[in-house]
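Asks: generate a structure from the sequence data that follows.
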Amino acid sequence: MTGSSSPSDPATVKAQVEQLKQAFTDLEAFQTETQKAIGNQEWAMDKNPVNGGCKTRDGEGGVQYRVIMPTKDSLAQEDAVTAVGAFWESSGFTVGVGTPSQSQELALLHATEKGKIVLKFYVYPQGAVLDTNSVCIAGDQTAIYKELYPENFGLPSNPGPSPTAK
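Replies: The predicted model follows:
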């Protein structure tokens, strides 16, 4: 096996981390476009976007970001749901209306890709929430996290050569 085909090869992991960062940037841009489709609300930025394990379209394990952004601004609820649904459909997603899971929710819109829900838009009497996931970047989750968050693993971000065994 060559070094570049190993899932934990440092160059491969660095490339996966860069892909994950780009997926996050793309997700933020998509959220901004979704927000523009709704109108002039003020959205709270997610200060701690979450990333976690996922499965790619091919069923491989990987990592993706999830970002939840609320607005407390009132909005024309039916118009907002229609606008978001139209934008998501024009972006290639299959859009459906879900059953609200909480008594306060007035509507739940979701978008699926290959049968997996990847986007959600909740409407409440006091505002709305946009809940989105980035694409899933294939790779070893632990290796990606070690590169992305070296401080959590007690490793420098660019470790030197390992000591030679005696």
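Asks: make it CA atoms for all contacts and neighbour counts henceforth
Replies: Noted.
Asks: is Ala29 in a helix, a strand, or coil?
Replies: helix (DSSP: H, G, I helix; E, B strand; the rest coil).
Asks: now do it, the pLDDT please.
Replies: The model reports Ala29 with a pLDDT of 92.
Asks: same check, this time on Asp26
Replies: 92.
Asks: biggest strand in the chain, by residue count?
Replies: Identified as the longest strand of the chain according to DSSP state E is strand 61-71.
Asks: tell me what that strand is packed against?
Replies: Under the contact criterion of 3 or more Cα pairs under 8 Å, 6 or more residues apart in numbering; DSSP states H and E, strand 61-71 touches helix 10-38, strand 50-55, strand 127-133, strand 137-138, helix 141-148.
Asks: report the angle between the first one and helix 141-148.
Replies: Computed with axes from the mean of the first three to the mean of the last three Cα atoms, to 10 degrees, the direction of helix 10-38 lies at 90 degrees from that of helix 141-148.
Asks: between helix 10-38 and strand 50-55, how many degrees?
Replies: 110 degrees.
Asks: in terms of secondary structure, what does helix 10-38 contact?
Replies: Using 3+ Cα pairs under 8 Å, 6+ apart: helix 10-38 touches strand 61-71, helix 77-90, strand 127-133, strand 137-138, helix 141-148.
Asks: go on, the shortest one?
Replies: Other elements packing on strand 137-138 under the criterion 3+ Cα pairs under 8 Å, 6+ apart are helix 10-38, strand 61-71.
Asks: and it, which strands flank it?
Replies: strand 61-71 (antiparallel) (DSSP bridges).
Asks: can you list the low-confidence ranges for the chain?
Replies: Scanning the chain for pLDDT under 70 picks out 1-7, 99-105, 114-115, 154-166.
Asks: returning to what we had before: possible to save the helices and strands packed on strand 137-138 as CSV with mean neighbour count?
Replies: Converted to CSV, those look like this (neighbours: other Cα atoms under 10 Å):
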stretch, mean neighbour count
helix 10-38, 17
strand 61-71, 20
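Asks: buried residues in stretch 80-92, which are they?
Replies: 80-81, 83-85, 87-88 (16 or more other Cα atoms under 10 Å).
Asks: picking up where we left off before, now the longest strand of the chain against strand 127-133, angle please.
Replies: Using the same axes, to 10 degrees: strand 61-71 against strand 127-133 is 170 degrees.
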